[in-house]
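**Q** fold the following, please.
(one chain, ligands or ions: 2)
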Amino acid sequence: MFPKNYWYVAAWDWEVRRQELFRRTICNVPIVFWRREGGVPAALEDRCCHRHVPLSGGKLRGDHVECPYHGLTYDCTGACVRVPSQKVIPDAARVRSFPVVERHHWIWVWMGDPALADPALIEDYHWNDDPDWRFKGERLALPGNYLLLVDNLLDLTHLQFVHLTTLGTAAITQFPIKVEREGHKVRVTRWIMDSPAPPFFQKAGGFAPDEPIDRWQIIEFTPPGFVRLDVGGARAGTGAREGDRSQGFTMRNLNVATPETDSTTHYFWGQAHDFGIHDRSITEMLFSQVHTAFLEDLTIIGAQQSNIDAFGADLPAAVDFNQDSGGMQARRIVDQIIEAERAKA
Ligand code: FES
Ligand SMILES: [Fe+2]
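**A** Ligands and ions are numbered 1, 2, ... in the order given. This next block holds a predicted model:
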């Protein structure tokens with residue numbers, strides 16, 4: 001079960017190309033995406049109403065999709081507009097269509113009631129196309145449930161064990177987190193004061209290996225799977241915690257966990273920065289450092305998911321610690337949304 005009345009990131013804009021049919025499963029539903037002649041994206045359930053063949057294996061005829069089996073043709077609303085073997089098209093000859101919007105270099109799809117699909121509800125990821133920032137991102141195929149990734153991003157104590165060669169230092173777990181909730185938003189803040197910079201920060205901020213810095217991790221979650229991190233560091237004692245970041249550097253680590261199935265996730269993420277924006281090598285370096293770290297997350301979350309599957313119905317309840325308060329709030333919010341949607345249905 002996933003929240004339905006939400007915009008989900010389905011693809012990077014460059015993944016859906018003009019003359020191609022593109023299949024991607026979102027929240028257990030196979031969907032075919034394409035671009036109309038003017039470039040505007042469209043999305044239908046990837047299933048012919050006749051004998052359930054995937055439409056993504058068919059052909060684009062102008063703005064219409066032709067099934068590869070017996071040639072039924074559909075328009076962007078999902079209505080069948082041609083049955084090669086007969087003139088009359090029954091009303092039932094249609095498939096589900098999905099509202100789609102292209103924004104922030106992503107193709108967003110609405111998985112719930114189309115009447116509620118207001119583009120103003122799309123989450124803010126403006127850093128992906130803000131002229132004052134640069135970013136690079138990718139999609140990773142995560143072999144785990146999307147909430148395992150949300151847990152992971154809201155509890156950064158794992159940095160010191162999983163990412164010791166990139167993002168971690170031994171100091172992180174010594175500094176407590178503050179967890180705040182406003183409506184459906186959860187914010188987890190940690191300041192790591194007067195401590196050595198991790199390898200990635202030495203590279204990004206030009207800090208010497210033994211130079212103490214004040215480092216921040218401000219993580220915001222919104223449902224179903226959006227996690228934006230404001231991270232950076234400044235020379236220790238220069239007032240970053242009070243709001244003066246002039247002696248440091250700031251990045252945004254922008255994550256989207258889109259459920260593919262119950263146990264797999266499309267992990268869209270990008271690293272954005274507002275310094276050195278005319279030097280492409282900085283964007284590449286920041287991306288490749290975080291990419292290396294995120295592959296480590298994929299390995300650990302994949303192992304976690306297969307262990308959860310191996311224990312199956314005998315899996316005992318997980319034990320929570322203080323470090324999990326952000327993730328617990330996020331799961332509570334998602335549960336409440338699913339419950340409320342179910343009650344209305
Ligand atoms: S299955 Fe699509 S036309 Fe028959
Ligand atoms: Fe991680």
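
**Q** where's the spatially most central residue of the chain relative to ligand 1, distance?
**A** Among the residues of the chain, the one closest to the centroid is Val256, at 1.3 Å (CA atoms, centre = their mean). Counting by CB to the nearest ligand atom, to the nearest Å, the separation of Val256 from ligand 1 is 33 Å. Glycine gets a C-beta too; all of them are placed from N, C-alpha and C.

**Q** give the rounded mean pLDDT of the host helix or strand of that residue.
**A** Assigned by DSSP states H and E, Val256 falls within strand 248-261. Here strand 248-261 scores 97 as its mean pLDDT.

**Q** what packs against it?
**A** Where contact means 3 or more CB pairs under 8 Å, 6 or more residues apart in numbering; DSSP states H and E, strand 248-261 is packed against strand 7-12, strand 22-26, strand 134-142, helix 146-154, helix 199-205, strand 226-235, strand 264-273.

**Q** so can I have TSV of these showing mean neighbour count?
**A** Shown next, in TSV, are the helices and strands packed on strand 248-261 (neighbours: other CB atoms under 10 Å):
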stretch	mean neighbour count
strand 7-12	24
strand 22-26	18
strand 134-142	19
helix 146-154	23
helix 199-205	20
strand 226-235	22
strand 264-273	23
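
**Q** what's the least confident stretch among these?
**A** The weakest mean pLDDT among the helices and strands packed on strand 248-261 belongs to helix 199-205, with a mean of 86.

**Q** and the next helix or strand past that helix?
**A** Next along from helix 199-205, by DSSP H and E: strand 212-222.

**Q** just checking: what are the partner strands of that next one?
**A** Paired strands of strand 212-222, with direction, are strand 185-196 (antiparallel), strand 226-235 (antiparallel) (DSSP bridges).

**Q** which one of the ones you listed lies nearest to ligand 1?
**A** strand 226-235 (36.2 Å; CB to the nearest ligand atom).

**Q** for that closest one, the distance to its chain's centre please.
**A** Averaging C-alpha positions (CA atoms, centre = their mean, to the nearest Å) puts strand 226-235 17 Å from its chain's average.
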